[in-house]
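Student: No letters, just coordinates:
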């Protein structure tokens with residue numbers, strides 16, 4: 001039996017994508033997205049790469065504008081009614097079976113994909129396959145150990161509380177098994193997950209305090225990990241055994257042991 005934060009697994013990913021489209025337009029969804037975007041704007045410029053791929057539920061969210069990557073591609077699952085078809089720079093593909101060549105991306109941005117995809121392990125495996133050696137994956141996820149997780153316990157029948165909230169510690173364990181080396185972990189949105197404008201304003205102090213103290217209690221987290229490059233085992237030079245000098249023999253340099261012994265005995 002699974003733990004309480006992942007017992008409910010999204011069954012209809014297409015429906016989640018449709019709900020995500022409307023949710024980001026709400027006051028709370030827009031506020032959360034702004035906080036995530038601000039953190040990504042500080043993070044992405046420091047990650048080098050030529051080709052960036054973003055995996056998200058919505059094909060209209062471009063969260064990578066601050067990146068210096070020259071080639072950018074958005075990937076999202078198929079939606080009901082084909083709403084993602086025809087969007088420029090967008091690829092319609094399932095996250096756990098990406099229609100991308102192996103080692104074709106330098107940076108992979110996963111925006112809440114692991115929270116709602118029914119096969120998060122497969123998504124991470126695909127991330128490793130698609131990333132080049134030394135590439136970076138950036139995961140944006142909901143933190144179950146926060147007010148968001150408490151809100152999800154109360155009610156799970158509306159988006160985004162219908163998703164699977166994966167703890168950063170568990171995600172780190174998954175990454176280590178897949179040769180992904182975690183690099184950084186940051187938290188954001190320490191306020192209650194409410195849409196009331198007045199309450200959002202009165203709890204702004206929680207945001208400042210959480211960011212200053214770097215508390216691991218933010219509603220979302222951003223974890224980066226680097227794919228282990230293919231290593232090479234250096235060849236050590238063969239150890240040379242020092243010859244023993246018999247009484248009357250002179251030490252020599254630059255000669256083989258046979259030559260030195262022959263010269264000493266002449």
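Tutor: Sure thing, it's come through. Quick caveat, the model's predicted, so the values are computed rather than measured.

Student: residues near residue 169, how many?
Tutor: When neighbours are defined as other CB atoms under 10 Å, residue 169 has 10 of them. Quick note: C-beta positions are derived from backbone N, CA and C, even for glycine.

Student: Please apply the same query to residue 158.
Tutor: Counted with other CB under 10 Å, residue 158 comes out at 9.

Student: biggest strand in the chain, by residue count?
Tutor: Looking across the chain with DSSP state E, the single longest strand is strand 131-142.

Student: State the three-state secondary structure for the nearest residue to residue 214 once chain neighbours are set aside.
Tutor: Closest residue to residue 214 apart from its sequence neighbours, by CB to CB, 6 or more residues apart in numbering: residue 187 at 7.5 Å. When classified by DSSP: H, G, I helix; E, B strand; the rest coil, residue 187 comes out as strand.

Student: rewinding a little: can you list the strands that the longest strand of the chain pairs with?
Tutor: strand 105-111 (parallel), strand 220-227 (antiparallel) (DSSP bridges).

Student: isn't the residue nearest to residue 214 right next to residue 143, touching?
Tutor: Yes - in this structure, residue 187 is within contact of residue 143 by CB atoms under 8 Å, at 6.5 Å.

Student: joint contacts of those two?
Tutor: 216, 217, 218, 220, 221 (CB atoms under 8 Å, 6 or more residues apart in numbering).

Student: In contact with the closest residue to residue 120 other than its chain neighbours, which residues are there?
Tutor: Counting by CB to CB, 6+ apart, the nearest residue to residue 120 once its immediate chain neighbours are dropped is residue 114, at 4.3 Å. Going by CB under 8 Å, 6+ apart, residue 114 touches 120, 123, 124, 139, 141, 164, 166, 171.

Student: Just among the residues you listed, which is most surrounded?
Tutor: So for the contacts of residue 114 (other CB under 10 Å), the most neighbours sit at residue 139, 28 neighbours.

Student: does residue 122 belong to a helix or a strand, and which?
Tutor: helix 120-130 (DSSP states H and E).

Student: low pLDDT regions in the stretch 151-266 of the chain?
Tutor: 196-201, 230-266 (pLDDT under 70).

Student: And the strands in it, which stretches?
Tutor: For the stretch 151-266 of the chain, the strands defined by DSSP state E, counting those that start in this stretch cover 180-188, 220-227.

Student: For residue 183, which of the strands paired with strand 131-142 is the nearest?
Tutor: strand 220-227 (4.5 Å; CB to CB).

Student: hmm, who's touching that closest one?
Tutor: Under CB under 8 Å, 6+ apart, the answer for strand 220-227 is 32, 35-36, 39-40, 43, 47, 128, 131-143, 148, 168, 171-172, 175, 179-189.

Student: next one: stretch 180-187
Tutor: So stretch 180-187 is in contact with 39, 43, 124, 127-128, 136-137, 143, 146, 168, 172, 175-176, 210, 214-218, 220-228, going by CB under 8 Å, 6+ apart.

Student: Tell me the buried residues in the longest helix along the chain?
Tutor: Across the chain, the helix with the greatest residue count (assigned by DSSP state H) is helix 27-43. Using 16 or more other CB atoms under 10 Å as the test for burial, helix 27-43 gives 28, 29, 31, 32, 33, 35, 36, 39, 40, 43.

Student: Residues contacting that helix, please?
Tutor: 23-24, 61, 63-66, 109, 111, 138, 140, 184, 186, 188-189, 193-195, 197, 200, 207, 219-220, 222, 224.

Student: Buried among the residues you listed? Make that a ChimeraX selection.
Tutor: Only the buried entries of the contacts of helix 27-43 go into this ChimeraX selection, using 16+ other CB under 10 Å:
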select :23,24,61,63,64,109,111,138,140,186,188,189,193,200,207,219,220,222,224
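
Student: how about residue 193, what does it touch?
Tutor: 28, 32, 147, 148, 151, 219.

Student: Going along the chain from the longest helix of the chain, find the next helix or strand for me.
Tutor: strand 51-56.

Student: got the angle between that next one and strand 105-111?
Tutor: 20 degrees (axes from the mean of the first three to the mean of the last three CA atoms, to 10 degrees).
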